[in-house]
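Engineer: Quick one, fold the following:
(2 chains, ligands or ions: 2)
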Amino acid sequence: MSDRELLYNYTLHLADNSMILGQRCSEWCAHGPILEQDIAITNIALDLIGEARSLYQFASEMRGEGHTEDSVAFLRDVLDYKNALLVEQPNTDWAYTIARQFFYDVYHFNLHLALANSSEKRISEIALKTIKETTYHLKWSSEWMIRLGDGTDISKSKMQDAVNHLWEYTGELFQASDIEKMAFEKGFGADLSAIAPLWHSKVKEVLDEATIAIPQSAYQQKGGKTGLHSEHLGYILADMQFLQRAYPGAEW
Amino acid sequence: MEINLEEVFQQKIDNEIKIEPRDWMPEKYRKTLLRQISQHAHSEIVGMLPEGNWITRAPNLRRKVALIAKVQDEAGHGLYLYSAAETLGMSRDEMLSELHSGKAKYSSIFNYPTVTWADMGAIGWLVDGAAIMNQVPLCRASYGPYARAMVRVCKEESFHQRQGYEIMLTLCTKGNPAQKAMAQDALNRWWWPSIMMFGPNDEHSPNSAQSMKWKIKRISNDELRQKFIDVTVPQADILGLTIPDKDLKWNEERGHYDFGTIDWEEFNQVVAGNGPCNKQRLKARVDAWNNGEWVRDAATAYAEKRAKREAGKTEAA
Ligand SMILES: [Fe+2]
Ligand SMILES: [Fe+2]
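Structural biologist: Numbering: from 1, shown residues only, chains lettered A, B, ... in the order given. Ligands and ions are numbered 1, 2, ... in the order given. Just a heads-up that it's a prediction; the model follows:
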């Protein structure tokens, strides 16, 4: 793989994570539990998709040949998406949505802190903007973790259930794919082994305050980052790509 | 000399002095406003559904982001308006329970389905466009909190209208024949419901005279409708689309477009709950509310626990 191809694939991986999670968050728009929170999660969707757009634009420039953010974002099948399994998990309820967001935010925040030092200028520029946004996301999702965990008996059991269920999708975030390994070696990626302990300590801090137990199960699912996805992604893409596929090449 | 509160109140209104929440007001004024503002707030919230429906399917990233932001704006409008209505003595939760029980109404336009992407264009162009016509005069409504909320709302609505029109323009000028047909179809479906948004003809609008006197309403339904049609027809011409009204033609003498008879029977059916999506819209709102109950309970319980802990800390210190 040439350096250029590597950078292209790494950029897509970063973009796909935020794109797919943004798509998931946007499903809440008009259906949130509280009007103010409907607005808050929609804001997060906007930030995530905004970040993904910057990355897709960069990727499309690298690819050339008339590619655009949209052709890069939309015109791939499941096997070519490089997002982690965590972000494609369904919303299920507010507890699952919050737990998924929190796990991702801790990762996303620390990842971009590291990417701010990327040797690739475009990546580091995007990282600086993302850190600002993610600081707010992380504060919001941490507060909700605590509110639900330390709220009522019902909310506590729902939150514990969500954490137990989603836990097996968190390990993949730190299992570096070949692309991530090489990207780090080349200087434009991040060292995931350095981020993992930061993630664990922040997660422990917040779960402790939320009075939520950290699951003891060790088994971790993997595959998303190398194209082996859950069944959910196909449905997400079916929605997302419908018009692009039904009217090839059309302007909107 | 005895002061007549009602006269003082009317004098203020006649002199364009805003009525504020602590001012004396006739009970009927308060009730009329509360009904109108809460109904307006409900319309913003229910109005999120038909467009929210297309967020995950938006055709490209730019449109997706713009659509999400637009639907989010409507949530913000709902917030401003619920806050304005709360100053009249009813809580947001009470207003919502009236929406959920079917007691409170919302704009009937949102009971029509969004079946193609072109509906995102037609709604912005026509529905937000008609909303602006209705709402600009409300920026001068006699009740201060309502007027101020409407100033903020109107700014964003005109942005929505332009965004919707731009979607139509792209479909009609850069689109393929299928996209152009999609745009025409959307106009066909949204035209009549949009012009019904201005409400019954003036002779069948019994409450209008009182609302005019109280300056809650300043321009009649028919006048607003005419104004909307007059500005919209040339816009349709630019798009190269045909408005589905064979009686529509410029009347030189009147200086306005003449238009066909509105099917008020359809309007009444939709108001009565028999529109294509009345049940689905209400169910979506009720579901969101019911599914969110444990979340709201948790937030309240946590806030109480925290307040207690804080109080404990201060006592200990
Ligand atoms: Fe609005
Ligand atoms: Fe609007």
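
Engineer: Which residue does the stretch 151-252 of chain A have closest to chain B?
Structural biologist: Closest contact between the stretch 151-252 of chain A and chain B, by Cβ to the nearest Cβ, is at A:Gly151 (2.9 Å). C-beta here means a position set from N, CA and C on the backbone, and glycine is covered the same way.

Engineer: Mind checking what secondary structure that residue has?
Structural biologist: Following DSSP: H, G, I helix; E, B strand; the rest coil, A:Gly151 is assigned to coil.

Engineer: And A:Trp144, how close does it get to ligand 1?
Structural biologist: A:Trp144 sits 27 Å away from ligand 1, going by Cβ to the ion, to the nearest Å.

Engineer: okay, and for the stretch 1-150 of chain B, where does confidence drop off?
Structural biologist: B:1-2 (pLDDT under 70).

Engineer: Can you get me a residue count around the residue in it positioned nearest to ligand 1?
Structural biologist: As assessed by Cβ to the ion, ligand 1 sits closest to B:His77 within the stretch 1-150 of chain B, at 3.8 Å. B:His77: 26 surrounding residues under other Cβ atoms under 10 Å in any protein chain shown.

Engineer: Point me to the helix or strand that includes it.
Structural biologist: Element membership of B:His77 [criterion: DSSP states H and E] is helix B:61-86.

Engineer: Output the helix or strand just after that helix as CSV, restricted to C-alpha atoms.
Structural biologist: For helix B:61-86, the succeeding helix or strand toward the C-terminus, using DSSP H and E, is helix B:92-101. Below are the C-alpha coordinates for helix B:92-101, written out as CSV (Å, rounded to 0.1, in the frame of the first residue of the first chain):
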residue,chain,number,x,y,z
ARG,B,92,-45.3,22.9,29.2
ASP,B,93,-46.2,19.5,30.6
GLU,B,94,-49.9,20.5,30.8
MET,B,95,-49.8,21.8,27.3
LEU,B,96,-48.2,18.6,26.1
SER,B,97,-50.8,16.5,27.8
GLU,B,98,-53.5,18.4,26.0
LEU,B,99,-51.7,17.7,22.7
HIS,B,100,-51.3,14.0,23.5
SER,B,101,-55.0,13.6,24.5
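
Engineer: re earlier: tell me if I'm right that the residue of the stretch 1-150 of chain B closest to ligand 1 and B:Glu156 touch.
Structural biologist: Yes: checked against Cβ atoms under 8 Å, the pair B:His77 and B:Glu156 is within contact range at 7.1 Å.

Engineer: Could you check the helix ranked longest in chain B against ligand 2 for contacts?
Structural biologist: The residue-count maximum for a helix in chain B (DSSP state H) belongs to helix B:144-173. Yes: shown here: helix B:144-173 in contact with ligand 2 (Cβ under 5 Å from the ion) through B:Glu157, B:His160.

Engineer: on that earlier part again, dihedrals phi and psi, the residue of the stretch 151-252 of chain A closest to chain B?
Structural biologist: Per-residue torsions, A:Gly151: phi -90, psi -100 (degrees, to the nearest 10).

Engineer: Now do the longest helix of chain B and helix B:61-86, the angle between them.
Structural biologist: With axes from the mean of the first three to the mean of the last three Cα atoms, to 10 degrees defining the directions, helix B:144-173 sits at 160 degrees from helix B:61-86.

Engineer: Show me which positions of helix B:144-173 end up buried.
Structural biologist: Residues of helix B:144-173 classed as buried by neighbour count (16 or more other Cβ atoms under 10 Å in any protein chain shown): B:144-147, B:149-150, B:153-154, B:156-157, B:159-161, B:163-165, B:167-172.

Engineer: if we can go back for a sec, for the residue of the stretch 1-150 of chain B closest to ligand 1, which non-adjacent residue is closest in space?
Structural biologist: With sequence-adjacent residues excluded and distances taken as Cβ to Cβ, 6 or more residues apart in numbering or on different chains, B:His77 is closest to B:Glu44, at 4.2 Å.

Engineer: tell me the contacts of that neighbour?
Structural biologist: Applying Cβ atoms under 8 Å, 6 or more residues apart in numbering or on different chains, we find B:Glu44 in contact with B:Glu74, B:Ala75, B:His77, B:Gly78, B:Leu81.

Engineer: In the chain, what residue spans correspond to strands?
Structural biologist: In the absence of a named chain, this looks at chain A. In chain A, no strands are defined using DSSP state E.

Engineer: that answer is for a different chain, and I need it for chain B
Structural biologist: Taking DSSP E as the test, the strands found in chain B are B:249-251, B:256-258.

Engineer: okay, the ones you listed in a markdown table with distance to ligand 2, mean neighbour count and mean pLDDT next?
Structural biologist: Putting those into a markdown table (distance: least, Cβ to the ion, whole Å; neighbours: other Cβ atoms under 10 Å in any protein chain shown; pLDDT from 0 to 100) gives the following:
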| stretch | distance to ligand 2 | mean neighbour count | mean pLDDT |
| --- | --- | --- | --- |
| strand B:249-251 | 29 | 11 | 98 |
| strand B:256-258 | 25 | 15 | 98 |
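
Engineer: Compile the ones you listed into a markdown table and extend it with columns for distance to B:Leu88.
Structural biologist: Shown next, in a markdown table, are the strands of chain B (distance: least, Cβ to Cβ, whole Å):
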| stretch | distance to B:Leu88 |
| --- | --- |
| strand B:249-251 | 42 |
| strand B:256-258 | 37 |
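
Engineer: I'd like these laid out as a markdown table, including distance to chain A.
Structural biologist: What follows is the strands of chain B, written out as a markdown table (distance: least, Cβ to the nearest Cβ, whole Å):
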| stretch | distance to chain A |
| --- | --- |
| strand B:249-251 | 33 |
| strand B:256-258 | 31 |
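
Engineer: Would you mind saying which of those strands lies nearest ligand 1?
Structural biologist: Among these, the nearest to ligand 1 by Cβ to the ion is strand B:256-258 (26.2 Å).

Engineer: Provide the strand pairings for the closest one, with the direction of each partner.
Structural biologist: Strands that pair with strand B:256-258, judged by DSSP bridges, come out as strand B:249-251 (antiparallel).

Engineer: Kindly report the residues of chain B close to ligand 1.
Structural biologist: Proximity of chain B to ligand 1, by Cβ under 5 Å from the ion, involves residues B:Glu44, B:Glu74, B:His77.

Engineer: I figured B:Trp125 was touching B:Leu169, is that so?
Structural biologist: No: the criterion here is Cβ under 8 Å, and B:Trp125 misses it with B:Leu169 at 9.2 Å.

Engineer: ok so, going back, now the angle from the helix holding B:His77 to helix B:92-101?
Structural biologist: With the same axes, to 10 degrees applied, the angle from helix B:61-86 to helix B:92-101 works out at 110 degrees.

Engineer: Once you drop chain neighbours, what's closest to the residue in the stretch 51-200 of chain B positioned nearest to chain A?
Structural biologist: Ranked by Cβ to the nearest Cβ, the top residue of the stretch 51-200 of chain B for proximity to chain A is B:Gly52, at 3.5 Å. Once flanking residues are discounted, B:Gly52 sits nearest to A:Ala30: 3.5 Å by Cβ to Cβ, 6+ apart.

Engineer: residues in contact with the one you found?
Structural biologist: By Cβ under 8 Å, 6+ apart, the neighbours of A:Ala30 are A:Asp38, B:Ile45, B:Met48, B:Leu49, B:Gly52, B:Val71, B:Ala75, B:Ala284, B:Ala288.

Engineer: So which of the residues you listed wins on neighbours?
Structural biologist: When neighbours are counted by other Cβ under 10 Å, B:Met48 leads these with 29 neighbours.

Engineer: List the contacts of it.
Structural biologist: Going by Cβ under 8 Å, 6+ apart, the list of residues near B:Met48 reads A:Cys29, A:Ala30, B:Val71, B:Glu74, B:Ala75, B:Gly78.

Engineer: Among these, which one sits closest to ligand 2?
Structural biologist: Nearest to ligand 2 out of the contacts of B:Met48 is B:Glu74 (Cβ to the ion; 5.5 Å).

Engineer: wait, isn't A:Arg24 in contact with A:Asp239?
Structural biologist: No: applying Cβ under 8 Å, one finds A:Arg24 not in contact with A:Asp239, separated by 10.9 Å.
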